[in-house]
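Novice: need a structure here:
(one chain, ligands or ions: 1)
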Amino acid sequence: MSVLDNPPPRPRPVYLNLVAIRLPIAGIASILHRVSGAALFLFALPLMLLAVQASLASPESFAALKAAFAHPLAKLTAIGVVWACLHHFCAGIRYLLIDLHVGDDLAPAQRSGAMVIAVSLALTLIVGLRLW
Ligand code: HEM
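Specialist: Numbers count the residues shown, from 1 in each chain. From the prediction side, this is the model:
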């Protein structure tokens, strides 16, 4: 067999310019699922455990926690945590459905990716307005 029968593969193009990469909406939902999962593990869980501990330790620490939550920065952090929970939950349900081959074609997967982003943002807005 000559090399002409089995030519070496052409070098594949490599796009490492993150600004040039145009992710489809399902790809953005997927990246946000990873970001929100990491944020839940690294920030939300420790912060929520600290808050539960402070709220139960004594009436004084509960009052201090309540006062701290009145600060806009604390409210913004809480809204970020709420978004991470909601996005991760909605995207998680989408992945579980896709694992069951529900909506795993290109067009429905793009639609459900957009829906996950929109629904989690809308729910975050509702919770955020009540929190503020
Ligand atoms: C404190 C709660 C949670 C934490 C810290 C967490 C964290 C994570 C992390 C770090 C990943 C890996 C993401 C990646 O590397 O792409 C992940 C994946 C996943 N999570 Fe969660 N998660 C939580 C709750 C949930 C819930 C409630 C659901 C169900 C709705 C869920 C569904 C999933 C699914 C389906 C995947 C796999 C996605 C895939 O196939 O790529 N998670 N989670």
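
Novice: quick one, helices of this protein?
Specialist: Assigned by DSSP state H, the helices in the chain fall at 25-39, 45-57, 59-69, 72-99, 106-131.

Novice: test my guess that residue 87 contacts residue 32.
Specialist: Yes - if you go by C-beta atoms under 8 Å, residue 87 and residue 32 touch, sitting 5.6 Å apart. Yep, even glycine has a C-beta here, placed from its N, CA and C like the rest.

Novice: who's in contact with residue 89?
Specialist: residue 120 (C-beta atoms under 8 Å, 6 or more residues apart in numbering).

Novice: ok so, going back, joint contacts of residue 87 and residue 32?
Specialist: In contact with both residue 87 and residue 32: residue 117, using C-beta under 8 Å, 6+ apart.

Novice: which one's more surrounded, those two?
Specialist: Neighbour totals were compared for residue 87 and residue 32, and residue 87 leads with 25 against 20 (other C-beta atoms under 10 Å).

Novice: show the pLDDT at the nearest residue to that one once chain neighbours are set aside.
Specialist: Once flanking residues are discounted, residue 87 sits nearest to residue 120: 4.0 Å by C-beta to C-beta, 6 or more residues apart in numbering. pLDDT for residue 120: 98.
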